[in-house]
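> turn this into a structure:
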Amino acid sequence: MAVGATATKLHMPSAGGRRPSLFHLAAVAVLCTVSYLIGIWHHGGFSASPAGGVASSVSIATTASVSCVSPTPTLLGGGGDSSSSAPLDFAAHHTAEGMEVASGQVHRTYEACPAKYSEYTPCEDVERSLRFPRDRLVYRERHCPSEGERLRCLVPAPQGYRNPFPWPTSRDVAWFANVPHKELTVEKAVQNWIRVEGEKFRFPGGGTMFPHGAGVYIDDIGKIIPLHDGSIRTALDTGCGVASWGAYLLSRNILAMSFAPRDSHEAQVQFALERGVPAMIGVLSSNRLTYPARAFDMAHCSRCLIPWQLYDGLYLAEVDRILRPGGYWILSGPPINWKKHWKGWQRTKEDLNAEQQAIEAVAKSLCWKKITLKEVGDIAIWQKPTNHIHCKASRKVVKSPPFCSNKNPDAAWYDKMEACITPLPEVSDIKEIAGGQLKKWPERLTAVPPRIASGSIEGVTDEMFVEDTKLWQKRVGHYKSVISQFGQKGRYRNLLDMNARFGGFAAALVDDPVWVMNMVPTVGNSTTLGVIYERGLIGSYQDWCEGMSTYPRTYDLIHADSVFTLYKDRCEMDNILLEMDRILRPEGTVIIRDDVDMLVKIKSITDGMRWNSQIVDHEDGPLVREKLLLVVKTYWTLGEEKE
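This is a model prediction of the structure:
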């Protein structure tokens, strides 16, 4: 029987091989009709009440092949659209082994958390952080709650929450009710970061070091390095503020990962995400950044207040680790061009000059080349070498920093930073690019990544990568056929893939006005995150037994492929589901792919989480055990909780 269909199948006695009478056939028809009508009456639909009618819930169209009747129901929720036949049937029709799904089964109900948790970030909790050392900002790193400290409730949206403006409008404007903080509008008023206009925030695109706007600032960078020919695609913005640099790079086909700590400048990263710009909570402290080696084409710091010259150049050594061969590091703000700005920075000439000389010395010791001998528009840029032939030769004279030992350069989940040079892959010629030459964007998206072509990822071949790319094009096409609003521009912007593998899901969506955060779980094969970056996509490592370094209501759509099977013996299922609920927007969508028995267990939990859900068939039909659980999170806020 197909999932998602209600059917009654009667077996008539053969009576010695005689055909059933007309009376029997009529009885079957009547019983099927009654069963179908009861199902329509009994089961509800994807109904939601968006604030102010900003957006409607997701339409899910499914085709069920059943005994008796074969309806093709389409449900349109909220927003006033009403083209419907039969409501969707949300009852589970497959039973996991040893588990009954019976009518009237009582599910656990998860209550709303108190109002103070509306912006709760479990691994960057402000109160818990005070237990940890302040030296080198260790207290602002990830410190996740113990099992006994976990919240077992649903993080609420603030009262008056509205779905964000669609992209690209969201780049410049957001609802005040969604992030009700005015601190930055006061502290950064003269720097043109953000201002309040009635019910909205306005983001003029300004910044501390780009008073004429991020666009002009980026154009100045483009006069020095090639931003317009596809050779630069991935970027990292350290201490990003409200991520205007990353926001304005998007129109140049450059995808930036922006991060800032959760600190006294309240909600910087939250503002970035409301704008529809990729960002995470993060800090340079003692742990490596959660990205593989050789990931980014350029890294950027605009008055990010990171002490690059201290701790034996530890933080610049970490930037060196995550920069690809030939990648660029961009610095503006103190101490760059201090002769012009020192009075405004309220520091002495001697102090600023000493800082600049120290940064220059660290960069040189990493074998970087400064490509702006004279600062252009208060910007300085260095370039990492394309291989380490000369750099290794120089270690015979310059002993510090040494090359790192045999530690895995891609390991970056609570791994400590080291003040050493991460060695690049070996080359045979001075002109050869370590690790392999990347194609320019957009060719690099579908070209076989160098890490796979070189055979450095065990068990993965070129053919497997090509087939994976085709597979996800097919799967995303299926998603759009069963979730009608998936194909509507502006319905989704921020997407999360919880188990990204090679980034095929994101690659299949490259022509849509969305961005995807590709997470590679730290369990299983975590070596594929480097492949994702070589394709020109972005992502991070993540252990889904812990919280993600982001604010509540970050994502419009979450994709979870085999996540629960991967974690079934590692942590409780409801811990992962509650985290998904925390980071999902009201009326957001979830697509969970997994074995049907696993999905039935998941649904038994989500039915108590204010989620509406339905299990539908695999793209290859009803005979495949893997199914899809399609979910919509209902709209509710503080003061509007359902009973």
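
> switch to C-alpha atoms for all contacts and neighbour counts from now on
Fine.

> okay, and Ile605 sits in which element?
Secondary structure from DSSP states H and E places Ile605 in helix 596-606.

> and for Pro513?
Counting by DSSP H and E, Pro513 is found in no helix or strand.

> what distance do you get for it to Ser170?
According to Cα to Cα, to the nearest Å, Pro513 and Ser170 sit 12 Å apart.

> counting neighbours, go ahead and name the busier of the two.
When neighbours are counted by other Cα atoms under 10 Å, Pro513 and Ser170 differ, and Ser170 comes out ahead with 20 against 16.

> give me every residue that touches the closest residue to the more buried one other than its chain neighbours.
Of all residues not flanking Ser170 in the chain, Arg275 sits nearest, at 4.8 Å (Cα to Cα, 6 or more residues apart in numbering). By Cα atoms under 8 Å, 6 or more residues apart in numbering, the residues touching Arg275 are Pro164, Ser170, Arg171, Asp172, Val173, Ala174.

> over to Arg142?
By Cα under 8 Å, 6+ apart, the contact set of Arg142 is Cys123, Glu124, Ser549.

> give the buried subset of the residues you listed as a ChimeraX selection command.
Only the buried entries of these go into this ChimeraX selection, using 16 or more other Cα atoms under 10 Å:
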select :123,124,549
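
> just send the contacts of Arg142 back as JSON lines, with pLDDT and secondary structure too.
JSON lines is the format used below for these (pLDDT from 0 to 100; DSSP: H, G, I helix; E, B strand; the rest coil):
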{"residue": "Cys123", "pLDDT": "97", "secondary structure": "helix"}
{"residue": "Glu124", "pLDDT": "95", "secondary structure": "helix"}
{"residue": "Ser549", "pLDDT": "98", "secondary structure": "coil"}
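
> nearest to Leu289, of the contacts of Arg142?
Distances from Leu289 to the contacts of Arg142, taken as Cα to Cα, are shortest for Ser549 (11.9 Å).

> distance of the closest one from Leu578?
From Ser549 to Leu578 the distance is 15 Å (Cα to Cα).

> ok, Pro204 next?
35 Å.

> please apply the same query to Ser251.
From Ser251 to Leu578 the distance is 35 Å (Cα to Cα).

> so which of those two has more stuff around it?
Using other Cα under 10 Å as the criterion, Ser251 and Leu578 rank with Leu578 on top: 21 against 11.

> list the contacts of the more buried one.
Counting by Cα under 8 Å, 6+ apart, Leu578 has contacts Arg152, Cys153, Leu154.

> and it, helix, strand or coil?
helix (DSSP: H, G, I helix; E, B strand; the rest coil).

> okay, it: pLDDT?
Per-residue pLDDT puts Leu578 at 98.

> pLDDT at Trp382, what is it?
The model's pLDDT for Trp382 equals 97.

> find the nearest non-adjacent residue to it, please.
Lys370 (4.2 Å).

> for Cys545, see how far away the one you found is.
Here the distance between Lys370 and Cys545 works out to 43 Å (Cα to Cα).

> do Leu509 as well
Taken as Cα to Cα, the span from Leu509 to Cys545 is 27 Å.

> closest one of the contacts of Arg275 to Ala279?
Closest to Ala279 out of the contacts of Arg275 is Arg171 (13.2 Å), distances taken as Cα to Cα.

> now Tyr541, nearest residue through space, not along the chain?
Val520 is the one closest to Tyr541 (Cα to Cα, 6+ apart), at 4.9 Å.

> dump the residue contacts of the one you found.
By Cα under 8 Å, 6+ apart, the neighbours of Val520 are Met498, Asn499, Ala500, Arg501, Ser526, Thr528, Leu529, Gly539, Ser540, Tyr541, Gln542.

> try 6 Å this time
Going by Cα atoms under 6 Å, 6 or more residues apart in numbering, Val520 touches Asn499, Ala500, Ser526, Tyr541.

> let's verify the last one: helix, strand, or coil?
Taken by three-state DSSP, the conformation at Tyr541 corresponds to strand.

> residues near it, how many?
24.

> for Asn494, see how far away Thr589 is.
Distance from Thr589 to Asn494, by Cα to Cα: 11 Å.

> what do you get for Cys367?
Going from Cys367 to Asn494 by Cα to Cα gives 37 Å.

> the more surrounded of those two?
A direct count of neighbours by other Cα under 10 Å for Cys367 and Asn494 places Asn494 higher, at 24 against 21.

> test my guess that that one contacts Tyr555.
Yes. Using Cα atoms under 6 Å, Asn494 is in contact with Tyr555, at 4.9 Å.

> which ones are touching the nearest residue to Leu305 once chain neighbours are set aside?
Closest residue in space to Leu305, ignoring its immediate chain neighbours: Gly239 at 7.6 Å, by Cα to Cα, 6+ apart. With contact set as Cα under 6 Å, 6+ apart, Gly239 has these partners: Phe259, Ala260, Cys304.

> note down every partner strand of the host helix or strand of the first one and its orientation.
Secondary-structure assignment from DSSP H and E places Phe259 in strand 255-260. Sheet neighbours of strand 255-260, with direction, are listed as strand 234-238 (parallel), strand 279-281 (parallel) (DSSP bridges).

> tell me the most buried of the ones you listed?
Neighbour counts (mean count of other Cα atoms under 10 Å) averaged over each of these peak at strand 279-281, with a mean of 26.

> what lies in contact with that strand?
Met257, Ser258, Phe259, Ala260, Pro261, Ser549, Thr550.

> could you do stretch 110-119 as well?
Cys153, Leu154, Val155, Pro156, Ala157, Pro552, Gly608, Met609.

> let me know the next secondary structure element after the one helix or strand Phe201 maps to.
According to DSSP H and E, Phe201 maps onto strand 200-202. Later in the chain than strand 200-202, the nearest helix or strand by DSSP H and E is helix 214-222.

> quick one: that next one to chain centroid distance?
Offset of helix 214-222 from its chain centre (Cα atoms, centre = their mean, to the nearest Å): 26 Å.

> could you give the average pLDDT over stretch 252-262?
For stretch 252-262, mean pLDDT is 96.

> flag every buried residue along that stretch.
So for stretch 252-262, counting by 16+ other Cα under 10 Å, buried means Asn253, Ile254, Leu255, Ala256, Met257, Ser258, Phe259, Ala260, Pro261, Arg262.

> of all the strands paired with strand 255-260, which one comes closest to Gly487?
Using Cα to Cα, those put strand 279-281 closest to Gly487, at 24.0 Å.
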